[in-house]
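> Let me see the structure of the following:
(one chain, ligands or ions: 1)
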Amino acid sequence: MRAALCRTHGGPEVVEVTQVDVPAVAAGDVRVRVDTAAVNFPDVLVVANDYQITVSPPFVPGSEFAGEVIEVGAEVTTVQVGDRVFGSALVGAFAEQIAVPAGAVTVVPEGVALDVAAGFGVAHRTAYHALRSVAGLRIGEELIVLGAGGGVGLAAVQLGKQLGATVTAVASSSAKLAAARRCGAGNLVNHRDADLRAALREALPDGADVVIDPVGGDRSEPALRALRPGGRFVTVGYASGAIPRIPLNLVLLKGIEIRGFEFRSWAMRHPEEMARNDAEVLGLLATGKAAPYVEARFDLADTAAALAHVAAGRAIGKVLLSVSGR
Ligand SMILES: NC(=O)c1ccc[n+]([C@@H]2O[C@H](COP(=O)([O-])OP(=O)(O)OC[C@H]3O[C@@H](n4cnc5c(N)ncnc54)[C@H](OP(=O)(O)O)[C@@H]3O)[C@@H](O)[C@H]2O)c1
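Next up, the predicted model:
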């Protein structure tokens, strides 16, 4: 089968498209013919060996996909051949076929296209769990989203609005902020044009209730300072490449709560809440109330260019990789 292959760790340019063996299917696995994959920031990190888990080359990168089930292992009862599914994995999605545990895929709601489903799982589920359960966002609250033009950020803007918040989007360009506006943001702050602390004070004179931060670096502290007493700050990722250090007196003075969200560990600690949230956010997808914002599409042959686009922080919303060539 055709697949993107990482033969050695490095920048996006080390990934080349070639022929590889189809993956084996274990008793608990399903084999999916991939229609569309989505490129995520962690894919760049895995290829560069900068991720928290090392994957030894050679390997097929790619962590998010949608397609059709073409084989099920002997122990699989939850999905069947012919089902349209979307799912995630550590690696393997930038290929014509992927084999994953049956629990890693979800049946795509009727009427939702595979290329829509392909970009939904990672960003929207992350944003929804972070907002709904970790932040405990309530109707009428003020939400600040950092990296609001990115995959997780735009999903957080869209879902924060759905959950009844007023959203202040922080991003680096007018194009990213225009996308955030289309996803429901009320206030737009370009952190390249202004001092972020001052700009947030002007936009939110009474302060915010919640910050969602998938970026880290020098944006975290000004956003935390924009919280009102009792506000909640949720750290989700460090796409800037820098892990912020927060002066704890800021937390003490306002009684701010800093909370973290990491998918796998949170799922292990809160399986029932995870299932409830997943059902809710899938319902939003099925009814058209939430959908990935897709800015760029590449063919499988151009996987290295797609990874470079994401690595440079240029992506607006989701970046898709057409594998079937449709
Ligand atoms: N905790 C979890 O379970 C979980 C789940 C999914 C993702 N994540 C993490 O969340 C983060 C965001 O993911 P994403 O898909 O939203 O990523 P993304 O769309 O590629 O980037 C998000 C934003 O980060 C900023 N950024 C990206 N690259 C940068 C760079 N090289 N230098 C400075 N700023 C940069 C950009 O914001 P501006 O242009 O506005 O500056 C960008 O829009 C990643 O670190 C990812 O690993 C965590």
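
> what's the offset of the strand or helix carrying Ala178 from the middle of its chain?
Secondary-structure element containing Ala178, defined by DSSP states H and E: helix 174-182. Offset of helix 174-182 from its chain centre (CA atoms, centre = their mean, to the nearest Å): 17 Å.

> contacting residues around it?
Residues from elsewhere that reach helix 174-182, judged by CB atoms under 8 Å, 6 or more residues apart in numbering: 145, 148-150, 153-154, 157, 167, 169, 171, 185, 188-190, 293, 295, 316-317. (C-beta placed from N, C-alpha, C; glycine too.)

> Mind doing that once more with 6 Å?
Residues from elsewhere that reach helix 174-182 (CB atoms under 6 Å, 6 or more residues apart in numbering): 148-149, 157, 169, 171, 188, 293, 316.

> what packs against whichever helix or strand comes after that helix?
Using DSSP H and E, the helix or strand that follows helix 174-182 in sequence is strand 187-190. Counting contacts by 3 or more CB pairs under 6 Å, 6 or more residues apart in numbering; DSSP states H and E, strand 187-190 packs against strand 166-171, helix 196-203.

> can I get those in TSV with mean pLDDT?
Listed next are the helices and strands packed on strand 187-190 as TSV, based on pLDDT from 0 to 100:
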stretch	mean pLDDT
strand 166-171	98
helix 196-203	97
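
> among the ones you listed, which is nearest the ligand?
Judged by CB to the nearest ligand atom, the one of those that comes nearest to the ligand is strand 166-171, at 3.7 Å.

> what's the closest one packed up against?
strand 142-145, helix 151-162, strand 187-190.

> ok, it: who's next to it in the sheet?
strand 142-145 (parallel), strand 187-190 (parallel) (DSSP bridges).

> What lies in contact with the worst-scoring helix or strand of the chain on mean pLDDT?
Taking mean pLDDT, DSSP states H and E as the measure, the chain has helix 263-269 as its least confident helix or strand, at a mean of 93. Contacting residues not belonging to helix 263-269 are listed as Met274 [CB under 6 Å, 6+ apart].

> re the thing from before, Val85 is nearest to which of the helices and strands packed on strand 166-171?
Judged by CB to CB, the one of the helices and strands packed on strand 166-171 that comes nearest to Val85 is helix 151-162, at 19.9 Å.

> So which residue is dead centre in the chain?
With distances taken as CA atoms, centre = their mean, Ala123 lies nearest the centre of the chain, 2.5 Å away.

> wait, what's in contact with it?
By CB under 6 Å, 6+ apart, Ala123 lies in contact with 151-152, 155.

> so how far is the helix or strand encompassing it from its chain's centroid?
In this assignment (DSSP H and E), Ala123 forms part of helix 121-129. Relative to its parent chain, helix 121-129 has a centroid offset of 6 Å by CA atoms, centre = their mean.

> So for that helix, what gets flagged as buried?
Neighbour-count burial for helix 121-129 flags 121-129 (criterion: 16 or more other CB atoms under 10 Å).

> Gly231 in helix, strand or coil?
Of the three states, Gly231 takes strand under DSSP: H, G, I helix; E, B strand; the rest coil.

> how many neighbours does it have?
Gly231 has 22 neighbours, counted by other CB atoms under 10 Å.
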